[in-house]
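Asker: sequence plus the predicted model coming up.
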Amino acid sequence: MSMGVSDLRRRMKNAAAGLVLGFAAAMTLFPSTANAWWNDEWQLRKKINIDASATGANITDPIGTVPVLVRLHSGNFRFSLAKDDGSDLRFVATDDKTPLKHHIEKWDALLGEALVWVSVPNVAPGAKSDFWIYYGNKKAAAANDSKGTYDADTALVYHFNERGTPAIDASVWANNAQSVGQPADGSLIGTGLRLDGRNIVTLPASPSLGMAEGAPFTLSVWIKPAAVQPNAALYSRRDGANGLVIGMDNGVPFVEVSNAAGTQRTGAGAPIAANSWNHLAVVAASGTVTLHLNGASYAVLNASVPALTGVARLGGDAPPPAAAPAAPAADAAAPPADGGTPAAEAPASVPVAAAMAGFVGDIDELQISKIARSPGFIKFTAVEQGTEPAKLIAFSNDEETASWLSGHFAIILKAVTIDGWIVIALLIVMAIASWIVTWDRVSYMKKQAKANDRFMKSFRQLSDNLTALDRGEIDENAAVLGSKLSEEEAQMVRASSLYRIYHVGSEQISNRFANSDMIRLNGASISAIRAALDSMFVKESQRLNKLMVVLTISISGGPFLGLLGTVVGVMITFAAIAESGDVNVNAIAPGIAAALVATIAGLFVAIPALFAYNYLVTRIGELTSDMQVFIDEFVTKMAEFYSSESIADHRQAAE
């Protein structure tokens with residue numbers, strides 16, 4: 001009837017296993033710390049995922065090192081926890097060790113908007129990669145490095161976020177514009193440049209922008225034409241008979257190359273709509289000039305870029321020195337904007353007799369490179385900077401150091417002495433023991449309450465035979481009571497503390513009628529049976545209170561043990577200060593703070609144990625009261641049923 005040693009061990013083992021599983025599940029609710037923290041002074045981080053695989057942007061060509069635009073807003077970033085100017089932002093490679101160069105184009109903590117450029121190395125095509133953003137360090141100094149964000153082959157980068165001043169080059173070459181342009185608010189990426197067809201923005205004739213004949217070249221820009229214009233120049237650079245013009249002709253982007261032999265222009269493809277943003281890129285290498293539209297090849301011109309050393313113009317063209325004769329036709333294919341098979345070939349040579357009209361519309365994010373960027377690089381730029389960056393870039397949830405594993409608390413933990421760790425280890429053992437006991441007792445009492453309720457429901461249906469429920473199997477006998485018990489219910493009832501008390505009383509009654517010629521239970525017999533019931537009551541009370549001493553030890557011993565660790569830690573701290581002779585706050589504070597960790601650990605043990613103990617004492621009181629009431633009810637029914645019953649009648653009822 002009482003719990004055996006093997007049963008106790010089994011239940012303790014199950015309780016411990018449940019506790020471990022529960023603790024593991026609880027840990028999943030806290031921020032993940034799968035990777036080592038780059039720097040404990042930063043309290044928050046999140047992972048930024050790049051998906052160039054088939055499930056994302058599906059970029060199969062090599063990409064390499066690329067500047068990534070990180071768009072932060074209130075939906076993916078907690079501006080209130082970063083510095084007001086974003087100077088605590090840090091970007092770290094996927095190894096969580098290598099810092100990445102970055103610079104901020106826009107930061108508005110009030111509106112919750114930010115644009116940050118990050119140099120991400122060796123982005124793999126057709127695969128997924130990631131890097132980290134760290135923030136939440138109010139003491140961090142600014143680490144903006146626009147020059148380091150772009151490689152040395154990037155000759156010019158204009159964000160167009162200036163007002164009243166010429167565009168500033170973000171690359172290392174400082175190729176700032178020579179004239180002021182009109183800003184375009186609400187552009188694709190922050191502020192853009194508005195071109196009206198008359199005011200031209202000139203670029204410097206610097207050596208870093210100079211081009212030898214046949215040299216590689218890449219131009220990348222976002223355009224939003226305001227109208228469909230015939231023969232409008234977006235970018236123009238001319239040196240005598242040599243020229244390079246990028247423009248739009250009735251909505252069709254084109255590249256035009258001029259030299260002493262004549263002028264060649266890419267063939268016509270599908271036009272783009274006015275008032276829509278599109279990415280335009282021109283790549284020259286190995287005797288071909290490729291025009292890309294929105295990351296896909298749009299047109300190819302078999303020509304080399306001529307030598308150009310003069311100024312370049314945005315939004316207009318300089319008149320050529322004279323009408324150049326048409327060059328012989330060259331192979332020029334113009335596939336449609338979706339990168340499919342060309343529908344038709346257009347003449348590759350167009351004589352130009354006068355300067356083109358100026359482009360009317362907005363442009364944004366102009367980049368010029370001295371190398372031929374790969375198709376993968378161009379597509380990455382078009383997708384990542386465009387209107388649907390989610391195809392390529394995704395943000396994970398914030399992870400926090402939570403101050404328990406880093407920051408000030410890390411400093412405190414490092415200062416804990418060996419004696420403090422010994423005390424903390426003992427307290428951890430006490431805490432685990434109290435949690436196991438709590439788990440076991442709560443589960444046991446919940447099971448008891450449910451079993452008692454089911455037993456009492458059957459017991460109160462007894463009408464003439466008080467021992468009817470005391471059977472090895474409850475099946476047809478239960479039907480007599482008006483309630484059919486399933487096997488599961490029968491097993492549950494037999495685990496009830498009330499049933500165990502009832503079983504003792506039932507055995508006492510059966511023994512008296514089976515071994516004698518008693519025709520009724522006299523007062524002495526009833527008193528003897530009640531004594532047996534009271535004895536079982538004591539055993540069941542002990543069963544309910546089993547292991548509760550562990551909680552009382554945790555409640556009273558935990559704080560005192562923690563206080564002992566604190567006192568010893570303070571003594572050691574003062575002894576060390578006296579020995580070194582260094583008396584200052586910086587020398588005292590870490591040791592005192594570390595000594596107090598033991599007290600915190602003691603309270604961590606005692607407080608949950610106190611709550612659990614009070615709860616369990618209340619439940620034990622309820623179950624104890626139920627047993628006392630049941631004993632009174634059982635004795636009353638026993639006196640009623642067997643006060644005048646004959647042996648024959650009793651045996652007949654029993655059979």
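Answerer: Looks like it came in fine.

Asker: residue 271: neighbour count?
Answerer: Using other CB atoms under 10 Å, residue 271 has 15 other residues around it. C-betas here are computed from N, CA, C, even on glycine.

Asker: so it makes contact with residue 254?
Answerer: No. Taking contacts as CB atoms under 8 Å, residue 271 lies outside contact range of residue 254: 10.9 Å.

Asker: helices along this structure, start to end?
Answerer: Here the chain has its helices, by DSSP state H, at 5-27, 146-149, 375-385, 408-414, 418-459, 476-480, 487-494, 497-514, 523-544, 548-580, 585-641, 647-654.

Asker: elements contacting the fifth one?
Answerer: When contacts are defined as 3 or more CB pairs under 8 Å, 6 or more residues apart in numbering; DSSP states H and E, helix 418-459 packs onto helix 5-27, helix 487-494, helix 497-514, helix 548-580, helix 585-641.

Asker: chain neighbours aside, what residue packs nearest to the most centrally placed residue in the chain?
Answerer: Centroid-nearest residue in the chain, with CA atoms, centre = their mean: residue 397, separated by 2.4 Å. Counting by CB to CB, 6 or more residues apart in numbering, residue 397 lies nearest to residue 46, which is 6.6 Å off, once chain neighbours are set aside.

Asker: number of nearby residues for the one you found?
Answerer: 19.

Asker: what's near enough to touch it?
Answerer: 76, 77, 132, 133, 395, 396, 397, 398, 399 (CB atoms under 8 Å, 6 or more residues apart in numbering).

Asker: the same query, at a cut-off of 6 Å, please.
Answerer: Residue 46 makes contacts with 133, 395, 396, 398, as judged by CB atoms under 6 Å, 6 or more residues apart in numbering.

Asker: please report the distance of it from residue 198.
Answerer: 46 Å (CB to CB, to the nearest Å).

Asker: list the buried ones in stretch 129-139?
Answerer: Across stretch 129-139, burial judged by 16 or more other CB atoms under 10 Å covers 129, 131, 132, 133, 134, 135, 136, 137.

Asker: what about the nearest residue to residue 183 once chain neighbours are set aside, how many neighbours?
Answerer: In space, and not counting its chain neighbours, residue 183 is closest to residue 191: 5.1 Å by CB to CB, 6+ apart. Summarising burial for residue 191: neighbours were counted as other CB under 10 Å, giving 20.

Asker: check what pLDDT the residue lying closest to residue 113 once chain neighbours are set aside gets.
Answerer: In space, and not counting its chain neighbours, residue 113 is closest to residue 73: 5.7 Å by CB to CB, 6+ apart. With respect to pLDDT, residue 73 scores 92.

Asker: now swap in residue 35 and tell me
Answerer: 55.

Asker: quick check: the gap between the residue nearest to residue 183 and residue 454.
Answerer: Taking CB to CB, one finds residue 191 at 74 Å from residue 454.

Asker: and residue 398, by the same measure?
Answerer: 48 Å.

Asker: where in the stretch 251-400 of the chain is pLDDT low?
Answerer: 320-354 (pLDDT under 70).

Asker: let me see the domain layout of this protein.
Answerer: If you go by automatic domain parsing, the domain ranges for the chain are 44-151+396-400, 174-370, 416-655.

Asker: count the neighbours of the residue lying closest to residue 76 once chain neighbours are set aside for me.
Answerer: Computed as CB to CB, 6+ apart, the closest residue to residue 76 that is not its neighbour in sequence is residue 395, at 4.4 Å. By other CB under 10 Å, the residues close to residue 395 number 18.

Asker: over to residue 121?
Answerer: 15.

Asker: any idea how far it is from residue 304?
Answerer: Applying CB to CB to residue 121 and residue 304 gives a distance of 31 Å.

Asker: what's the answer for residue 503, then?
Answerer: 103 Å.

Asker: report the contact partners of residue 63.
Answerer: If you count contacts by CB under 6 Å, 6+ apart, then residue 63 has 123, 125, 376, 377, 380 around it.

Asker: got the phi and psi for it?
Answerer: phi -110, psi -60 (degrees, to the nearest 10).

Asker: follow-up on the earlier one: mind putting the buried residues of stretch 129-139 in CSV, pLDDT included?
Answerer: Formatted as CSV, these follow (pLDDT from 0 to 100):
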residue, pLDDT
129, 95
131, 96
132, 96
133, 97
134, 96
135, 95
136, 93
137, 92
